[in-house]
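Asks: Kindly return the folded structure for what I paste below:
(2 chains)
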Amino acid sequence: MMSRHPIFQLSVKVIVTLFTLHVSFYTAFAQSVRDLIIQKPTYASCNYDVYPDSVPNNLTPAPKGKKPFYISHYGRHGSRYISSRSGFDTPFKMMAHADSVNELTVIGERVFDEMKLIMDDTEDRWGELTRYGNEQHRGIARRMVERFPEVFDGSARVSCISTIVPRCIESMGAAMVQMKQMNPKLRVTMEASQRNQWYMNHQDNKLRKGYMTPEAQKAYNAYISTRLGNSRLMELIFKNPDIVEEIVDEEDFNYYLMKMGLFQQNTHLRHHTYLQDIFLPDELYQMWQIDNALWYIQHGACKLNGGKQPTSQIPLLRQLIADADSCICLEKPGAQLRFGHETVLLPLVCLIGINGYDLVTDNLDELEAKGWWCSSVFPMGANLQFIFYRSSPKDKDILVKVLLNEQEAAIPIPTDCAPYYHWADFRKYCQEKLK
Amino acid sequence: MEHFYTSIAYRLTRFFVSGLLLTSAVTAAGQTVAEALQADPNRAAGNFYALPVGKMPKDTPAPEGKKAFYINHYGCPTSYYRESSELYEESYAVFAKADSLGKLTKLGQDVKRRLELVWRDAQGRTGELTSKGALQSRELTRQLVLRFPDIFTPDGYCSSRSIVQNNCLMTLLESTVQLSSMVKPMQINFMSSHREDRFMDPHDKRLEELRWDSLTQARYNRFMSLNSGNSRLMETLFNDQNYLIQAIDPESLSRQLFVLAGSIQHTDLSGYVRLYDLFTPDEIRSHWKKLNAKHYIQNGACTLNGGTQPFVQRSTLRNMIHMADSMLNRETPVMHLRFTRDDVVMALACLMELDNCGLQTDNLDALDDLGWVNYRIAPLGGSVMMVHYRSEPGDPDALVKVLLNGQEAHLPIETDCAPYYHWNDVKRYYLRKLYRYENIRLNEETKEE
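Replies: Sure, this is the predicted structure:
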């Protein structure tokens, strides 16, 4: 993902002068998804992708005299174990069954051993933050303090809010442990309350249930029909693929086994890449396409279901604006950090239209070409940071810069100082989105 | 089971408990339970009393040359809102309904107003750590760092664990954040996982079945009825006897009010809203006695249900022993902070027979006189902590001191340097106790097969 960065920087400049042009214009210059997957196979696993250990430090200096004074943030929890057993059980039970009838090849047996190891390792840890996930948040917090020391100096206030899910709470703790190590004087508060769920983890039941309209289903089915299945994998693992047909569903087996393999990059088994390595790049790439299309239908402004899915995050955007409004009145507001989920972050990014993720289309084949790549938005540990700048507390021309996963991002509004935007313009633009 | 009762462990326990009886009815401050409840009725909340953090406990200097090198801590969550939203809603609803029918006295109307404040404050926060709880956790950790500077050093390692319960996890985080502001650099690792349940929140089906056997239940019910008398309170709140009889369950409402009275101390309403003023000192004591007896039956070595309930925590104690052994040769200091349910900490203190916690009796009425007092064992913010000392890595005569709620505790083991005990003696005593019980269980289970 990060290797996309130099081009991305260029693209930010393009959008400054020609902001009315669609984002697709410049993503065409970027690396292809397939290339990204070859470099980093977990990119194919979309929301199971792993946050990078380091990010390039190439932020554009702020306009003269402007200094960061407030940060508002929403971050996804770090790497976790898979949330529920069912994802792993699907291929595991098929393998166990095939094994019981002696249908596994030598490679199949090795695959089964790896699966057993993974199952044992995950037992009693479903959905829990991994050690790696903890470290990701320490890294993100460390870089935040290093990049914006003005916000975190002295006894600056850092107020954190997490959803009530333990992996988010732990992510919040990891970030705060890191910040306190860097500046013990910080005034830190942490909260994980039901009270804030209405905007921290807002799910719109109507939107959630209604995303797969008949039109969407039809288009999705047509899109994935050529991308399912993997007869090569069946030949590799089973002695007689035609015999095991009755107990192994090829499409499910391929999909879930691939996920199981890629998921391990989030855990301390990440050096066990045997499962991941049995898949060819094109197989991973096809899975990415399938998932990316589904994420778009679920959370993007997809025309096939009315394009309203991103509005699920209106409560959060409203809260972000209200918090900013009150914080910029303060002399030294510090930082407000929020810890939640990818099913919030992705639609929020789409709602605000960051980096062209507000793409509206009914053609799923367009997603890739037009740069709607969900993996770039919400790997484990993904985060959106709004950095506010001004020259002094009296300065009325407040600027804001948006960082998506710590990289400068573009918003579809005019500005004379990209990637900085005038807060008044950005606020007005967001208010329109709330209507 | 008979073997157990005649065992050396049991006799030793009796010996030490009887030795303590002379002083047990009064605390170190010289207060009886009745006086202590009168001085601060919040204590009546028992396990829901917030351990005061105002004054840092004092430490007896360690024997010459011995330095702390390992702490193993099992702590309760700090102040939090009650888990049950019904508790807040139902009690308010009873008063709201009675008020709409004109059945409340003036005091009753005022109580309704207070209950609404308490309910609104807790809305959407049930079971969550309060802001006082956050500060309490930080302060407890601050004191720990100040008390044991040999442990909290840049070459030290701190591993904190919590059960998967948000108030425990938040207590852990507040503690860890405090720690990271005091020791720099510090290797800190924390997690909340079901993986650790086997020793951080163990369950034992067989002991759980025994806990409320019919005899125990009958004795407890009788004890409850002897300590119930809610008519005075009800008459101060409601103005219509008929309504009281027909619409109100005095026992349940009185209990709810008592529980809420004890919950306010944890919130920002503390100091502004009170409910203990509704009760007379005798009523407060009666309510506390019932709660204390329940805790004793569930966690203590109550002979009514076999005196074996504390053994639910045997894997916890065994883990503590094994961890300590594995640290003896380690060069650098280690801190293990575990946060779990108050029941776990309470039963652990009983299993370890700290101070009066090992008490064995069937006399529920005499618990306070015999010194088995829930708020002294596992209040919110309370803990059982083993602090290990040695002169150097591999020291064959390592010592241990146990802190109950931060105070140096007495163990049922002989020593020449109390409150420090020779680790080998402590280990031998506890392992024998565990083996003995496990043998009994093994025999029982073999017979059943």
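
Asks: Up against chain B, what does the stretch 1-150 of chain A have?
Replies: Within reach of chain B by C-beta under 8 Å from any C-beta of the partner chain, the stretch 1-150 of chain A has these residues: A:Asp124, A:Arg125, A:Glu128, A:Leu129, A:Arg131, A:Asn134. Any C-beta I mention is one placed from the backbone N, CA and C, and that applies to glycine too.

Asks: biggest separation within these, which pair?
Replies: Farthest apart among the residues of the stretch 1-150 of chain A next to chain B by C-beta to C-beta are A:Asp124 and A:Asn134. That separation is 17.7 Å.

Asks: for chain A, what are the nearby residues on chain B?
Replies: Near chain A, when you scan chain B using C-beta under 8 Å from any C-beta, you find B:123-126, B:128, B:134, B:164, B:166, B:169-170, B:172-174, B:176-177, B:180-182, B:184-186, B:188-195, B:197.

Asks: thinking again about what came up before, among the residues of the stretch 1-150 of chain A next to chain B, which one lies nearest to B:Leu257?
Replies: A:Glu128 (39.1 Å).

Asks: OK, contacts around that closest one?
Replies: Applying C-beta atoms under 8 Å, 6 or more residues apart in numbering or on different chains, we find A:Glu128 in contact with A:Arg80, A:Tyr81, A:Pro166, A:Arg167, B:Val164, B:Met191, B:Ser192, B:Ser193, B:His194.

Asks: List buried members of the residues you listed by neighbour count.
Replies: Among the contacts of A:Glu128, those that count as buried by neighbour count (16 or more other C-beta atoms under 10 Å in any protein chain shown) are A:Arg80, A:Tyr81, A:Pro166, A:Arg167, B:Val164, B:Met191, B:Ser192, B:Ser193, B:His194.

Asks: circling back: strands - which of the contacts of A:Glu128 land there?
Replies: When DSSP state E is applied, the contacts of A:Glu128 are split such that B:Met191, B:Ser192 fall in strands.

Asks: Quick one: the strands in the stretch 1-150 of chain A, in order.
Replies: Per DSSP state E, counting those that start in this stretch, the stretch 1-150 of chain A carries strands over the ranges A:67-76.

Asks: again with the stretch 51-200 of chain B
Replies: Under DSSP E, counting those that start in this stretch, the stretch 51-200 of chain B gives strands at B:67-75, B:157-162, B:187-192.

Asks: just those strands: most buried one?
Replies: The highest average neighbour count among the strands of the stretch 51-200 of chain B, using mean count of other C-beta atoms under 10 Å in any protein chain shown, belongs to strand B:67-75 at a mean of 23.

Asks: can you list the weak-confidence ranges in the chain?
Replies: As the question left the chain open, I've gone with chain A. A:1-30 (pLDDT under 70).

Asks: please go with chain B instead
Replies: Low-confidence segments of chain B (pLDDT under 70): B:1-30.

Asks: contacting residues for the closest residue to A:Lys303 other than its chain neighbours?
Replies: For A:Lys303, ignoring the flanking residues on the chain, the nearest one in space by C-beta to C-beta, 6 or more residues apart in numbering or on different chains is A:Asp362 at 3.8 Å. Residues in contact with A:Asp362 (C-beta under 8 Å, 6+ apart) are A:Glu215, A:Ala219, A:Cys302, A:Lys303, A:Leu304.

Asks: List the neighbours of the helix or strand hosting the second one that are in contact with it.
Replies: In this structure, A:Ala219 is located in helix A:214-225 according to DSSP states H and E. Contact with helix A:214-225 is made by A:212, A:289-290, A:293-294, A:297, A:302, A:304-305, A:362-365, as judged by C-beta under 8 Å, 6+ apart.

Asks: Buried subset of those residues as a ChimeraX selection?
Replies: What follows is the ChimeraX syntax for the buried subset of the contacts of helix A:214-225, where burial is set by 16+ other C-beta under 10 Å:
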select /A:289,290,293,294,297,302,304,305,364
